[in-house]
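>>> following is a predicted model, sequence given first.
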Amino acid sequence: MKGIIGKKVGMTSIFEPNGKQTACTIIEAGPCVVTQVKTDAIDGYNAIQIAFGEKKEKNSNKSMISHFAKAGTSVKSIVKELRNSELKQGLGETITCEIFAEGEMVSVIGTTKGKGFQGVVKRHGFSGVGEASHGQHDRQRAPGSIGGSSYPSRVFKGMRMAGQMGGDRVKVKALKVLKIFPEKNYVIVSGSVPGHNGSIVLIQK
Amino acid sequence: MQEAVKFVQQQTSPMKELPTFKAGDSITVNYKIQEGTKERIQPFKGVCIKRQGTGLTATFTVRKMSDNVGVERTFPAFSPNIDSVEVFKVGRVRRSKLFYLRDRQGKSARIKEKRMN
């Protein structure tokens, strides 16, 4: 596995020479610093820890400051772990967006936009129950029956109901890397990516 | 954010020059069409009823009457398949979106020409 932490910048589209228009997302990816190398012998599993984004020293605690000092870097705001990394970078070395090549298929992990407490029509795509007329009212966005009565005398687990929507960790698979601008740390991937502009995403392969 | 989008747009697909036109203008869009290996240019002539979007993702819609059937076509403004756009009449309209033309036919669907002095 290889990966890099980035920030979603915005969306636009790219024209191919034959006129095909592809929607794409701009991600400002890296540079990330390797802050810890975990090995099977010491930690029980193989992974590297990468950090991204600046943070003021006065806003961080001493243990984090010295943790980053071990890698010889300033305090970072986002820390993530990559299991079984195939990256060659060692402790304190930098990962840039050049680990990906144009045309490669990647996955992007992010947190979706929060939608708040939503009903079943928006949250699960139900179509509501009643009609607008014929004496019915207040049934147009209702969930309908949620199960039997005396048997089973309970509601099954996982029954789709109203509740909090969005704000989940989501992985979008098979996005194509359309272009890379190493001088600006931009990675352009096809399609959309979870979260609002400025949210933190993890690109991995 | 806007700067990043602009930078990427400039780097990936350089914008080409389009003549200035707006909703209400009569235009001809010369659109490239691939037929097998041959490429030819198909003109689409009508009234621009909508311009939408900014930057590279902008589009415009052209409406024409073809055998008394209204035909609308939306083009990406900066598509490489657009060979050229010709403006042959500048219309005098009071809206930016001329969707009311869809309900009209014949005389009432005309658009006054703007006097150029």
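Cool, the structure landed.

>>> can you pull up the most central residue in the chain?
I went with chain A, as the question did not name one. The C-alpha lying nearest the average C-alpha coordinate of chain A belongs to A:G110 (Cα atoms, centre = their mean; 1.1 Å).

>>> can you look at chain B instead?
Short answer for chain B (Cα atoms, centre = their mean): B:F60, at 4.3 Å.

>>> and that residue, how far is that from B:K97?
Distance, B:F60 to B:K97, using Cβ to Cβ, to the nearest Å: 11 Å. Heads up, the C-betas are built off the backbone N, CA and C, glycines and all.

>>> next: B:A77.
Using Cβ to Cβ, B:A77 is found at 16 Å from B:K97.

>>> and the helix or strand of chain B with the lowest mean pLDDT, what does it pack against?
The helix or strand of chain B with the lowest confidence, counting by mean pLDDT, DSSP states H and E, is helix B:2-12 at a mean of 78. Applying 3 or more Cβ pairs under 8 Å, 6 or more residues apart in numbering or on different chains; DSSP states H and E, one finds that helix B:2-12 contacts strand A:3-15, strand A:21-29, strand A:169-181, strand A:186-190.

>>> elements contacting the first one?
Meaning strand A:3-15. strand A:21-29, strand A:47-54, strand A:76-83, strand A:186-190, strand A:200-204, helix B:2-12.

>>> which residues does the second one contact?
Which is strand A:47-54. For strand A:47-54, the external contacting residues (Cβ atoms under 8 Å, 6 or more residues apart in numbering or on different chains) are A:3-7, A:30-38, A:68, A:71, A:73-85, A:87, A:89, A:95, A:200.

>>> just want the angle from it to strand A:200-204.
On the basis of axes from the mean of the first three to the mean of the last three Cα atoms, to 10 degrees, strand A:47-54 is oriented at 140 degrees to strand A:200-204.

>>> what residues are shared contacts of B:F60 and B:K97?
Counting by Cβ under 8 Å, 6+ apart, the common neighbours of B:F60 and B:K97 are B:K50.

>>> what does chain A put close to chain B?
A:9-19, A:21, A:26, A:28, A:179, A:181, A:184, A:186, A:188, A:197-198 (Cβ under 8 Å from any Cβ of the partner chain).

>>> tell me the pLDDT at residue 88?
Using chain A. A:K88 carries a pLDDT value of 78.

>>> please refer instead to chain B.
At B:F88, pLDDT is 87.

>>> kindly report the same for A:G135.
Confidence at A:G135, expressed as pLDDT, is 88.

>>> next: B:M1.
At B:M1, pLDDT is 59.

>>> ok so, going back, which residues outside the least confident helix or strand of chain B are in contact with it?
Outside of helix B:2-12, the residues within contact range by Cβ under 8 Å, 6+ apart are A:9-12, A:14-15, A:26, A:28, A:179, A:181, A:184, A:186, A:188, B:15, B:55-56.

>>> next one: the longest strand along chain B to chain centre, how far?
For chain B, the strand that runs over the most residues, judged by DSSP state E, is strand B:38-52. Centre-to-centre, strand B:38-52 and its host chain are 6 Å apart (Cα atoms, centre = their mean, to the nearest Å).

>>> what does stretch A:72-82 give?
17 Å.

>>> stretch A:132-146 now?
Stretch A:132-146 sits 37 Å away from the centroid of its parent chain (Cα atoms, centre = their mean).

>>> how far does it stretch from start to finish?
Using Cα to Cα, to the nearest Å, the end-to-end distance of stretch A:132-146 comes to 22 Å.

>>> what residues of it count as buried?
A:P143 (16 or more other Cβ atoms under 10 Å in any protein chain shown).

>>> on the pLDDT front, check residue 39 for me.
In the absence of a named chain, this looks at chain A. Here the pLDDT value assigned to A:T39 is 88.

>>> wrong one, I was asking about chain B
Predicted confidence (pLDDT) for B:E39: 88.
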